[in-house]
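>>> Mind folding the following:
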Amino acid sequence: MASYDSDLQAAVDATSIAKASGETDLATYLRAQLADRDIETTDDAWVERMVQGIENDRNFMIDSEPSDYDSGS
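I've put the predicted structure just below:
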C-alpha cells in the first residue's frame, strides 16, 4: 500500500468536511487548505481528481500526489 504526505490527506479531509457543511466550490477550498499547509501546486488535474474523489466518497483517501509536489525529502 502506498503512503502519501499527511498534509495532503489533511487538506482533502478538511475539504470533505466542508462539503458536508455545504461548501460548493471544492476546488477553491482544497487549494486554500493546501496553501494553509504551505503546499503549492499547479496540477489542476490532481485537484480535480481529489474533488471528484470527495464528491464520490466522503472518506476519500488520496491515491496520488500532485505532479509538481515536493515533500521535502
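>>> switch to C-alpha atoms for all contacts and neighbour counts from now on
OK.
>>> State the helix or strand in which the most centrally placed residue in the chain lies.
Residue closest to the average C-alpha location in the chain (C-alpha atoms, centre = their mean): V12, at 3.6 Å. Assigned by DSSP states H and E, V12 belongs to helix 6-20.
>>> other SSEs contacting whichever helix or strand comes after that helix?
Using DSSP H and E, the helix or strand that directly follows helix 6-20 along the chain is helix 26-36. Helices and strands touching helix 26-36, as assessed by 3 or more C-alpha pairs under 8 Å, 6 or more residues apart in numbering; DSSP states H and E, comprise helix 6-20, helix 44-56.
>>> who wins for proximity to A27 among these?
Among the helices and strands packed on helix 26-36, the nearest to A27 by C-alpha to C-alpha is helix 44-56 (6.3 Å).
>>> List the residue ranges of this protein that fall below the pLDDT cut-off.
Applying pLDDT under 70 to the chain picks out residues 1-3, 72-73.
>>> run the last query once more with 50
1 (pLDDT under 50).
>>> Need the nearest residue in space to the residue nearest to the centre of the chain, chain neighbours excluded.
Once flanking residues are discounted, V12 sits nearest to L30: 6.5 Å by C-alpha to C-alpha, 6 or more residues apart in numbering.
>>> Correct me if wrong: that neighbour contacts T15.
Yes - using C-alpha atoms under 8 Å, L30 is in contact with T15, at 5.6 Å.
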